[in-house]
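# Here you go, sequence then predicted model.
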Amino acid sequence: MSLTPQTEAIQKESGAMTSYRWRICALLFFATTINYLDRQVLSLTWKDYLVPEFHWTDSDYGTITALFSIFYAVSMLFAGRFIDWMDTKKGFLWAIGIWSAGACMHAFCGIATSGILTNQWWLGFEGAKEALAKVDKATVITSTSVSLFIFARFILALGEAGNFPAAIKSTAEYFPKKDRALATSIFNAGATVGALSAPVSIPFIAKIYGWEMSFVIIGAIGFLWMFFWGLMYKKPELHSKVNKAELAYIQQDILTDVSTSVTTQAEQKTSFAECFKYKQTWAFAFGKFMTDGVWWFYLFWTPAYLKDIYKMNATQSAFPLFILYMITLFSIIGGWLPTFLVEKKGMNPYEGRMKAMFIFAFVPLIVLLAQPLGGISSWLPVIIIGIAGAAHQSWSANIFSTVGDMFPKKAIATITGIGGMAGGLGSFIINKSSGMLFEHADKTQMAFAGFHGKEAGYFIVFSICAIAYLIAWFVMKTLVPKYKPITNL
């Protein structure tokens, strides 16, 4: 996309352009990193620490992760509205403050379980373990602890739901349309870095200091981020660190004079009913519904997969998981490819993104080989899942950016929230059904496609993950075959 004559004139008059927008992008990256670190603590501790203490089954864990997904889904629906109402700076502060508190709350579920069952409340982490060991009924411990973790997960989901609506809105405020996929892929890479950092930190914190401190230490990082966000973020047109040349670059899509941008803050908010009138909303929501659950399955179940199939504990699986998420860093291509298609091939932003997403939709088919090749080496499914994860993150960066392409800024957070709700519903289905499937497969030694027991269960879920993106793309393309921005919302 070439600059408008007004933009070029302002840049010539103002001299060298500042690059403060990339500092904001860096803050969004770190927020997303913290977001994924917080949600990973449970998946990296439950098999080795929580199962012995609370007697959980795969179905119990599946219930907790599935309900987290549904809490996240419903919260996403309102998080977008909340961010639009509070505006970006305050809304993001509220979101990360709530989810950091929720992350820390997990640490005290053992104490609360002990207190409820023994009426002893001030025993500390180790004292609570000793008290629970004396309780005869394991089922009571399980049901009580699961309920408490579900509550902590609810608080975590309530806050975490605000991350992507706020980040997408911030990106729309600080980047022109042609750069949003790149900026989104950079901050969205925080999901990969968070997932990458988790296995090389959380299991070792849990081993040295106890599983409770892994929740406390990781959860507290969010409070540190809040300080920097409060210090550094302002609207670009109001920020002293953004000069006229950079502001002109940021607002190059606006056809009117840049001075009118301040008045856009008074735009009327968009209702849910209005949003659902458009096929563009349904296309985005369906794409998220079909594919978000795949990433969450990889995130929540891969550590359990390595434990169940290859008998690795949390510290033994740390390096394979690190390599897995290192591979997903190749998702940065997700931001580069559509930019290349727009600038070099002359496509409009939506056309370029959909072309890129079509390419990325084929890559997850490789997951069909994860379980068959696992018999050769456990490293092969690790590498394959990593490649599929990179494809997902590339897909994710672009599907988020389609919102900015098609909707006005005032509706971006709301539409993102609607899509997040759909993605959360998809995640609920895959997480709950996976837990039930794995438990059933293990008990009955179910046979499927030459595999038995849990191996058969994982092969079934991997197969679903493999084809989800192609189904999503074809439905999205059918609903919105050509670039059609919404101008009357």
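Received the coordinates, thanks.

# Tell me where the stretch 51-200 of the chain has helices.
Along the stretch 51-200 of the chain, the segments classed as helices by DSSP state H, counting those that start in this stretch run 51-54, 58-86, 88-105, 109-118, 124-133, 138-160, 163-174, 177-197.

# I'd like these written out as JSON lines, with mean pLDDT and distance to residue 466 added.
For glycine as for every other residue, the C-beta is placed from the backbone atoms N, C-alpha and C. Output for those, formatted as JSON lines (pLDDT from 0 to 100; distance: least, CB to CB, whole Å):
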{"stretch": "helix 51-54", "mean pLDDT": "92", "distance to residue 466": "29"}
{"stretch": "helix 58-86", "mean pLDDT": "86", "distance to residue 466": "20"}
{"stretch": "helix 88-105", "mean pLDDT": "94", "distance to residue 466": "31"}
{"stretch": "helix 109-118", "mean pLDDT": "92", "distance to residue 466": "35"}
{"stretch": "helix 124-133", "mean pLDDT": "90", "distance to residue 466": "41"}
{"stretch": "helix 138-160", "mean pLDDT": "94", "distance to residue 466": "27"}
{"stretch": "helix 163-174", "mean pLDDT": "88", "distance to residue 466": "25"}
{"stretch": "helix 177-197", "mean pLDDT": "81", "distance to residue 466": "20"}
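
# Could you look over those and pick the most buried one?
helix 163-174 (a mean of 27; mean count of other CB atoms under 10 Å).

# So which residues make contact with it?
Residues external to helix 163-174 that are found in contact with it (CB atoms under 8 Å, 6 or more residues apart in numbering): 21, 24-25, 28, 31-32, 35, 76, 79-80, 82-84, 88, 91-92, 95-96, 99, 180, 183-184, 187, 233, 235-236, 250, 400, 403-404, 409, 412-414, 416-417, 420.

# picking up where we left off before, so which of the helices of the stretch 51-200 of the chain gets nearest residue 379?
Residue 379 lies closest, by CB to CB, to one member of the helices of the stretch 51-200 of the chain: helix 177-197, at 16.8 Å.

# Skip ahead from the closest one and say which helix or strand is next.
helix 202-209 (DSSP states H and E).

# Point out the other helices and strands that that next one packs with.
When contacts are defined as 3 or more CB pairs under 8 Å, 6 or more residues apart in numbering; DSSP states H and E, helix 202-209 packs onto helix 20-45, helix 211-232.

# From the chain's centroid, how far away is it?
Chain-centre distance of helix 202-209: 24 Å, with CA atoms, centre = their mean, to the nearest Å.

# tell me the angle of it relative to helix 211-232?
120 degrees (axes from the mean of the first three to the mean of the last three CA atoms, to 10 degrees).

# same question for helix 202-209, mean pLDDT?
Averaged across helix 202-209, pLDDT comes to 94.

# can you check stretch 418-435 too?
For stretch 418-435, the per-residue pLDDT averages 89.

# so of the helices and strands packed on helix 202-209, which one's packed in deepest?
helix 20-45 (a mean of 23).

# as a whole number, average confidence for it?
93.

# quick one: that helix to chain centroid distance?
With CA atoms, centre = their mean, you get 9 Å for helix 20-45.

# Likewise for stretch 197-212?
With CA atoms, centre = their mean, you get 21 Å for stretch 197-212.

# residues of it that come out buried?
Neighbour-count burial for stretch 197-212, counted by 16 or more other CB atoms under 10 Å, picks out 197-199, 201-203, 205-207, 210-212.

# Same check on stretch 469-478?
469, 472-473, 475-476.

# thinking again about what came up before, how about the helices and strands packed on helix 202-209 in a markdown table, adding distance to residue 482?
Output for the helices and strands packed on helix 202-209, formatted as a markdown table (distance: least, CB to CB, whole Å):
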| stretch | distance to residue 482 |
| --- | --- |
| helix 20-45 | 30 |
| helix 211-232 | 38 |
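
# what's the closest of those to residue 297?
helix 20-45 (10.7 Å).

# can you give me the angle that closest one makes with helix 163-174?
170 degrees.

# please renumber so the chain begins at 57
Happy to do that; since the first residue is 57 now, the last one works out to helix 76-101.

# by how many degrees do helix 76-101 and helix 194-216 diverge?
Using the same axes, to 10 degrees: helix 76-101 against helix 194-216 is 180 degrees.

# Between helix 114-142 and helix 76-101, find me the angle.
Using the same axes, to 10 degrees: helix 76-101 against helix 114-142 is 160 degrees.

# Residue 344: what's it in contact with?
455, 475-476, 478-479, 482.

# which stretch of helix or strand covers it?
Take DSSP H and E as the rule and residue 344 turns out to sit in helix 335-366.

# what's the answer for residue 298, then?
According to DSSP H and E, residue 298 maps onto no helix or strand at all.
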